[in-house]
Structures are given as C-alpha cells and as structure tokens.
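Student: got a structure for you, letters missing:
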C-alpha cells in the first residue's frame, strides 16, 4: 500500500523533559519520525517542551510548540492546526498516555483526528493489565499468574491468593515506576498503595514472581498488510527481577539454543499480529533456564529505550521505518536507508556483539537506596561494539566514565567480609558487575556465584577469562620477557578489551610506555563496519567500530587518504548523566552540521550513546561507535588523517580530553592534527580553579575571596579568616560533583576529603560563599576578537542552587540593576579575550548589593546553550562552528535585540524514582532534564514551564509542603505561608517549620522527613 495521500498535516507528540525511565531516546525517535514525514511533503506539527532537543530545532519541524504535553494544551494546538493525523509512538509513555486521554475524552473524534500507526485499542491492550492478559491468551502466550486490581482491598485479596514473593506492576507508567518484588505484608502494603496512586487509571497487577529466570527481548516490526519480521533479539545479563533498563543487555542473545530462539520468535510474531500493531514494538519474556517454559512480561507498543538500542545495534532505522509504516507504506515498498540495498523487511544478521550498560548517578543523592530492582534508577546508558563479550564489556565499563579502567584493575573499595560479598551478589547495586569481579578473584566458585546472582554461567565464565588475563599480565616481566611473550600477552589482552592504561596499571608502568611498546610490536586495532547483511551483499554503512579481533580494515584508508579529503572529527558527549544530557548532543550535532556546511569533505562523529541523534545513521559522514578516550581518539585520528578535532561541544568528557591528548605532542607534530578552537592550555586555565582565580585577579575582576587548597590546615585557616559558610570547588568536574557548602569546621573537613578524591589530579579551591545573592549567566561565542553574548540569563532562585537545577528567565523586565548588567557584559568580554576563546563559552556570575562577582567560566558549550539559542532566535552552535573553522562573527549579530516575549527554562527531577533520596537542592546538580516554554510575560511562561515538568498548578487551593532550615529562613517564609493560606491551600510542614508557622498563627500538618524512614506521615509517601 503506497503513501496515504489524505494525510497533509501530522501532529507528533514528544516526550517532554528527560527523567529516569524516559530519556534522550525519544529525541532520536521523534527526529527520525519528523524527517520521514517531511520527505513525503507532509506538514509537521510538534508539541514538545524539551527545549534542549534536536527535534525542537526549526529545521526539523514546520511548527514547533514548546508547550506542556497534556490534554489541555494538546487540544488547543489541535484546534488551531487541524492536523489530519496524530503519531503517538515516538514520545514514550507521555505521548501514549495523552493519546489515550484524548481518545477517552472524545477529542480525537471531535476534530476527526486519526491515530496514525498502532491503533488506540492495541495501545490499551498493552497498557491495561487485564486487557494485556487477555491479548496474550489469544496469542497462545503464557503470562504469570496474576490479578489486576483497582483498590487496596482487592489487592489484599489477590496477594492472599498468589502468595509471597510476588511482583507488583503499575498500569500506564514508564521505567517500571512503582513496581517491585515484595516478600511480606509490610512491603506489600507500602508498594500497593503507592502503585495505585501512581497509575493513571489506578490499577496495579499482583503477579507471581519468576525471579531468576532469563529475561529476553524481541524487537518486532509489522505493517498494515500483516508483513512481520524480527529486527533483533536481546538478552539481559541480569535475571528477571531487575528492570531491563537497569541490566546489562547483549545482542544478539548468547545463551539461547536455536530451539529457544525460534520458539520466542514465533511467539513474538503471534503477539504483534494479534495486537494489530502497525510499526514497531518491544516484547519482553521471562525464560526458565531449566526448561522451555516462558512467560510474556510486557509489550511496549511504541518506540522505546530498547528500540533505540536495537536500531543502533543493527543499523536498522526503526523509528524512520515505523513513521513510514504509520502513513501507509508497507515493508516491501521501503528501502533500508542504511544498507542502501535491502528492503525494509530484510532481517538483520549480526557478525559482531553489542552490549548496553546502564549509567547510574546514585552517589549524587544522600541516603538513596542503591539496590537494583524492577524500578529504573539509571539515568543513561552506553553501547559498545566488538567481536567478543570480554571486549565489549570492558569497553562499555570504561565508557560509563565513572573512573573505572574496565572490569578489573580498578580502585574500588573491596568488601572484606565474605558473607557481605555474597549478600551483595544476591542483592545487587549499581556496583553489581564489579562485585562479580571481586567474587571471582576471591575464589568463590562459578556455581556459587550463579546460585547467588542468577547471572548465567556462560557470562560468568567470560568474566573469569578477563580475571585470568589480568593474572597473567601481573606475572609478565616487561623488561625480561621476550618480544614474542610480550606480543602474545599484549595481543591477547587487547582482544579481551584491555586498554593501554589498564594494562599499564596492572604491570606498573606508564600508559605512554605501553602504547609505544604495543605499536612497536605491530599490535594495532582494525576498523570494521557494522555489517548486518551476512555477506550476501557488500556493506556500505558508515557505522564503524575498532577491534583487535580482526586482520584488516573494512575501509581502504590508503586509497581514501590519497584524495586529500579534508576531515574534521567532532567528539560527542558520551553517556547521559546528571549534568550532561541531551543539550550536549544538540551541541555536537549542530556543530557537526555547521562544519559540514562550510565545505568539509568528511564530518566524523565519535560517540557511544545509543539514545542520541548524534549516533543516527544520517547525521555524520562517518560514525565511530567508540570510546571517547585518549587512546581511542588518537587511534582514529591517526587512521583518518584528520586535520582537526573539536572538543568543545561534547560537554565535560570531551573538554577534559583536550589536556590529556595534548601530552602526545610528537603525535600532533607528525600528523598535523589540531585541536580546533580554544587552545588546550587556555582550557586548562579555565578548568583549573586555581589558575582561573589567579587570572581574574590579574584582570582586576571581582570574585569571591579564594584560596588554593594546599592542605586541610590551610583550608580551615582560610575559612576562619573569611568566615563561614565557604564553598569547596574541585577542578575538571561536571554538574558540581563533590562541590559542597560548609557551614562549620566539621562539614568542611568531610567535604575536603570528598573533593580531593573526585579531583585528585587537579587543584581544589575554597571560596567564600555568598548567601542571598542573585545568580546570572551568559552563553556566548567568541572568534578571538569579537565576543557575542547570546543572552543575559537570570536565575529565579538565589545563588546556592546549581545552575542545572535553577529556573531561568530570558526577556521581560530585568530584575538586576542596569549598572550590574553592564558590568557583566564588560567582564564577559574581558574574560573571553584574555582566554583567547575561539568557540562557545559560558560565564556565571553572582550579584550582591549591586556588586558583580565571577563564579566560573566554561570554554565549551553549556547546558543552557540550546535554550538561549531558541529563545533568542539564533543558533549559537552553528555560529560557534564557524569560529572553530577560523571565521569571524558577523558584526550585525553582536548586538541582538530581545523579543517581545519571555522564555523560562525549568528543571525536571526524578526524586520519586529514588527511594530515600532527599529532594533538597544545593550546589551539586540533581535534575535529570529540563523544559523550556515561551509566554507573553514571566508568569505565563513560568506556569507553562512548571506544568511541562508535570507539576500540578492548583487554580483554587490545594496542598503545599514547606520545609526550611534556620530561623532566618523561617521568618522569611511566614508572609508566603499566609498568602497561600488565604488562597485556600492546606499547608504541610516538617517539624520545626510547622512549629514556626503555628507560632505565627498559621495552621500546618506535620510531616516526617525523608531520612525518618518508616515514620508516617512521611514526605515521600505524601509526595
């Protein structure tokens, strides 16, 4: 069936701000959907308040609405735009839920709006647990014994029938929110009541537990003519009971027999056909490791996190194809744009392994429960490609950027007590995989480790191989052994994924020594293409990876380099984490596109995040799915003979690499490679807190009093001299890692220990901390002579809240004195010129008593650059790309007028997914995402932005929680509380705050704090 010509305009719902369970994978899938629609001449309308995304750039959609994704605002857009169809599969759970609500409210029927792709009935059958069970029975697929309930009395009846342990699942939620295995009535009561409250339809499922079974996933595609195929299957390293988003996942599956694979494949095709899905869906199974019994766990009738992984793992553009199927095409009519040869119904065949590993940031939250379970806690993920499991595992663990060398040779505090170690194997945390290494080294048998962890023995033996290689390297005498012995063990180690730095640490030598020796011995990595055609046709994909398990390149570099092609390499931002999310992918992609427009022959991307647009098949001329490390980047630069490398657009991980690779001066001299933009020594001057503070003193620019931390005694002496509170600031860190405000000597000593461990290679600075100060920041671009200030951005909160957690405003009435604004402009230009910035930058300021003080300067793109670019109507990153290539900023852009509107950016938090985490904000970042909305004035824009973070804005009364520390703040909050009371709000407050309010005649309901766990009513339970 060809394109449905009746579709002239289509509405796409995005996913909103990034949160745990719903991250950047929907920027990837939504962007591909918009491209697919525009190719067909269909006018596109996008609703998505995630201002940091690529898909909200004007070139991707004809009409972009930075509005909350809820039924109120979506109906307004439908009424104005009158689209012919709506796509719900590309915006995660947010889009699905709103789509179902639009259907139930009769809005789709009212405006004659068709759901394109998977029908509403199929969506309801996968989300409503009763309907899901019925659909599986019709597909002849077993599910766990279960009961769907809508009240707590019903839940009690169900659990008495099913027994403990049992699993609780929540209808219409994402990332396993509210789910979990419960073992007793106390756990059950808390989980069941919470789950009923979190479900959109107040429904939970009580089901028998199959903990310990293998978890297997299938990605299935179907068109309107009932053509189906399996895109790929994936196997979870961890057993059922740990959410797939929390597990290591390998593709293709490694431990299934052919019979098991075909059995689950056939079941998947029956399920998708019975449901009537048009497009793509993800099906998850539990498989008994000791029999052929299996159970369907869940079906996602939309693009998902697993879909993004499958798409990047196989080189099959799932989101693009799903969008084409939604507008009428069938699979045989479509070509796979990546292979350029096969039709879209050709099943990929992999000759390599792909491994996904989640990234957690639990150390940022005090008192948080670090145990893994059926509810997601990870904030991002990485994807490694290689030829052996050992290789992809070690690559992936380094990609996490948590300071690990790989599976072994890490500086991790061991668990001394053997029983405690066994407990850790049975009750995994975010350190699960490293505890497995510890267990193997401690001599716990593979059988015992399997019994405790239920990680398949096939995987455990692969882990043991890595430990065995480490042992052999420890025995290797690097000075006395023969060249052949060195070559044998080094080559073997490299094939098992050991990095040069990891080997150097094991042997006890310098990394450069290992690199030089390896190269002298002729041990080099080879570049391979992702080949999913099983050698039936030549692979032409631009997806590349490096491996030592090969003997030749898939690219003829010698022939290519004869052409003297001008190549530029852009470093991506790696895994999403708190502090580095989709906004840095926006920077990487826009920079790459900007460079490409300037006539560069090959714009090359290095990144390893499967959730990103930067790792899409059609963004760069070549994509290396590889580590962003000194070793790997130098390998690629040498092979490609690139003339330049960009480090300033991929966030902190890319920026930090500038000084590391600059150490290889001989390499740069031989290859003529240049770091484009600001010089590495200047980056170091801005990142090194001590050097930057010294520069400000030289320029006579005000800053809070400071001192380089030499030892604890000096720090304590400084604090005594300037008075508490003081702020400890490590160097070369992202999102305020280990940054703390200390109000007394005891907390300062603890903070100094933490800062030294996080920033051990670089100086730590201690500064005077200002209370009651305003915070301002500037995003800009400099060409070394001219400085463009994109915007003066005001923080709504006072200083003391990390800029990534702050609510920001551009435009409207300035609340900062005009004189202070002029000083900020003057300081910004002085700093940019003194640092000889060529490219993007960000400077942050304090304003107190009309005095301006500099906090810090980042010589890279910032979190707020997409926000500034879109609110101001100028793409700062495209401009930065021109300056990186030596061009000047046009004079006409240096003074941009502000529009007649206000743009507000608000943070998105995920505290509700992190048990026992204290949701109090400070100088270390805690938000997982952001939204940005535009309004006629500040209140209008602010309310939209808060609603976009899924905050309920009560119109006439409601509930409000107040908890403030210190007597002064309690006095300040009294007038606000009185105002809220007059507006019919019920006030809840923690103990001391409630007492202060009552003393002022304001009634308040007392709540226990988060850390007073088990006492009710508790803040977390009420939230």
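Tutor: The structure has been received and is ready for your questions. From a predicted model like this one, the values you see are computed outputs, not experimental measurements. Numbering: from 1, shown residues only.

Student: how is this protein divided into domains?
Tutor: The chain breaks down into these domains under automatic domain parsing: 9-124, 145-209, 386-520, 541-675, 705-768, 774-948, 958-1022.

Student: residues near residue 375, how many?
Tutor: Other residues lying near residue 375 total 24 when counted by other CB atoms under 10 Å. For glycine as for every other residue, the C-beta is placed from the backbone atoms N, C-alpha and C.

Student: cool, residue 503 as well?
Tutor: Applying other CB under 10 Å, I find that residue 503 has 28 neighbouring residues.

Student: need the residues that contact the helix or strand that contains it.
Tutor: Taking DSSP states H and E as the criterion, the element that holds residue 503 is helix 500-507. Judged by CB atoms under 8 Å, 6 or more residues apart in numbering, the contacts made with helix 500-507 from elsewhere in the structure are 394, 405-406, 408-409, 470, 473-474, 476, 478, 490, 493, 510-511, 513-515, 518, 631.

Student: point out where the chain drops to low pLDDT.
Tutor: For the chain, applying pLDDT under 70 flags the ranges 1, 174-176, 338, 534-539, 710, 731-738, 754-763, 1013-1014, 1023.

Student: quick check: beta-bridge partners of the closest residue in space to residue 751 that isn't next to it in sequence?
Tutor: Nearest-residue entry for residue 751: residue 740, 4.0 Å, with adjacent residues in sequence omitted and distances by CB to CB, 6 or more residues apart in numbering. Beta bridges link residue 740 to residue 728, judged by DSSP bridges.

Student: from here on, call the first residue 260.
Tutor: From this message on, residue numbering opens at 260, which makes the last subject residue 999.

Student: sec struct for residue 1218, please.
Tutor: Assigned by DSSP: H, G, I helix; E, B strand; the rest coil, the conformation of residue 1218 is strand.

Student: how many residues are close by it?
Tutor: Using other CB under 10 Å, residue 1218 has 12 neighbouring residues.

Student: without its sequence neighbours, what residue ends up closest to residue 1177?
Tutor: Counting by CB to CB, 6+ apart, residue 1177 lies nearest to residue 1269, which is 4.9 Å off, once chain neighbours are set aside.

Student: correct me, but the one you found touches residue 1176?
Tutor: Yes - counting by CB atoms under 8 Å, residue 1269 touches residue 1176, with 7.2 Å between them.

Student: list residues touching both of the two?
Tutor: Between them, residue 1269 and residue 1176 share the contacting residues residue 626, judged by CB under 8 Å, 6+ apart.

Student: from the centroid of this protein, which residue is nearest?
Tutor: By CA atoms, centre = their mean, the chain has its centre lying nearest to residue 835, at 2.7 Å.

Student: does that one really touch residue 641, like I thought?
Tutor: No - in this structure, residue 835 is not within contact of residue 641 by CB under 8 Å, at 9.5 Å.

Student: and residue 488, what element?
Tutor: Taking DSSP H and E as the criterion, residue 488 maps to strand 487-495.

Student: whoops, I mixed them up, residue 851
Tutor: If you go by DSSP H and E, residue 851 is part of helix 841-856.

Student: could you say what helices and strands that helix packs with?
Tutor: Packing contacts for helix 841-856, counted by 3 or more CB pairs under 8 Å, 6 or more residues apart in numbering; DSSP states H and E, involve strand 826-830, strand 861-866, helix 1124-1131, helix 1135-1143.

Student: who touches the last one?
Tutor: To tie it back to what came earlier, the one meant is helix 1135-1143. The set of residues external to helix 1135-1143 that reach it, using CB under 8 Å, 6+ apart, is 845-846, 849-854, 856-857, 903, 905, 907-908, 935-936, 1038-1043, 1047, 1049, 1097-1099, 1120, 1124, 1127-1128, 1148, 1152.

Student: count of neighbours near the residue nearest to residue 1010?
Tutor: 22.

Student: isn't it right up against residue 985?
Tutor: No - look at residue 999 against residue 985 with CB under 8 Å: they stay out of range, at 9.5 Å.

Student: neighbours of residue 331, how many?
Tutor: Residue 331 is flanked by 9 other residues according to other CB under 10 Å.

Student: might one say that residue 908 is in contact with residue 850?
Tutor: Yes - here residue 908 lies in contact with residue 850, judged by CB under 8 Å, at a distance of 4.3 Å.

Student: overlap in contacts of those two?
Tutor: Where contact means CB under 8 Å, 6+ apart, the residues bridging residue 908 and residue 850 through contact with each are 829, 1120, 1136, 1139.

Student: check contacts around the first one.
Tutor: In this case it means residue 829. With contacts defined as CB under 8 Å, 6+ apart, the neighbours of residue 829 are 847, 850-851, 854, 862-865, 879, 904-905, 908-909.

Student: and what of residue 719?
Tutor: By CB under 8 Å, 6+ apart, the residues touching residue 719 are 695, 699, 705, 708, 709.

Student: how about residue 757?
Tutor: If a contact means CB under 8 Å, 6+ apart, then residue 757 has 653, 665, 728, 732 as its contacts.

Student: go on, residue 802?
Tutor: Residues in contact with residue 802, defined by CB under 8 Å, 6+ apart, are 574, 597, 788, 789, 876, 882, 884.

Student: common neighbours of residue 835 and residue 641, please.
Tutor: Listed contacts common to residue 835 and residue 641 are 618, 868; contacts here mean CB under 8 Å, 6+ apart.

Student: tally of neighbours for residue 1227?
Tutor: The local packing of residue 1227 (other CB under 10 Å) involves 11 other residues.

Student: immediately after the helix or strand harbouring it, which helix or strand?
Tutor: Counting by DSSP H and E, the secondary-structure element that holds residue 1227 is helix 1226-1241. Taking DSSP H and E as the definition, the helix or strand that follows helix 1226-1241 towards the C-terminus is strand 1244-1249.

Student: contacting residues around that following strand?
Tutor: Looking at strand 1244-1249 with CB under 8 Å, 6+ apart, the contacting residues turn out to be 1213, 1216-1222, 1236, 1239-1240, 1256, 1261-1268, 1278, 1281.

Student: give me that answer again for 7 Å
Tutor: Outside of strand 1244-1249, the residues that reach it under the criterion CB atoms under 7 Å, 6 or more residues apart in numbering are 1216-1222, 1236, 1239-1240, 1256, 1261, 1263-1266, 1268, 1281.

Student: among those, name the buried ones.
Tutor: Neighbour-count burial (16 or more other CB atoms under 10 Å) applied to the contacts of strand 1244-1249 gives 1219, 1221, 1222, 1236, 1239, 1240, 1256, 1261, 1263, 1266.

Student: so what's the fifth one closest to, chain neighbours aside?
Tutor: By the measure of CB to CB, 6+ apart, the closest residue to residue 1239 outside its immediate chain neighbours is residue 1219, 5.6 Å from it.

Student: re earlier: who's the residue lying closest to the residue nearest to the centre of the chain once chain neighbours are set aside bridged to?
Tutor: In this structure, residue 835 finds its nearest non-sequential neighbour in residue 639, 3.2 Å apart by CB to CB, 6+ apart. Listed by DSSP bridges, the beta-bridge partners for residue 639 are residue 618.

Student: who's in contact with residue 639?
Tutor: 282, 618, 834, 835, 836.

Student: swap the cut-off to 6 Å and go again
Tutor: The neighbourhood of residue 639, defined by CB atoms under 6 Å, 6 or more residues apart in numbering, consists of 618, 834, 835, 836.

Student: reformat these as TSV; add distance to residue 978 and secondary structure.
Tutor: Written out in TSV, the entries for the contacts of residue 639 read as follows (distance: CB to CB, whole Å; DSSP: H, G, I helix; E, B strand; the rest coil):
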residue	distance to residue 978	secondary structure
618	35	strand
834	36	coil
835	36	coil
836	31	strand
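
Student: which is the next helix or strand following the helix holding residue 762?
Tutor: As assigned by DSSP H and E, the chain's next helix or strand after helix 759-766 is helix 770-779.

Student: for that next one, list every residue counted as buried.
Tutor: Across helix 770-779, burial judged by 16+ other CB under 10 Å covers 770, 773, 774, 776, 777.

Student: sorry, back to before: the helix or strand following the strand holding residue 488 pairs with which strands?
Tutor: Heading C-terminal from strand 487-495, the first helix or strand you meet, by DSSP H and E, is strand 508-510. As defined by DSSP bridges, the strand partners of strand 508-510 come to strand 487-495 (antiparallel), strand 612-618 (antiparallel).
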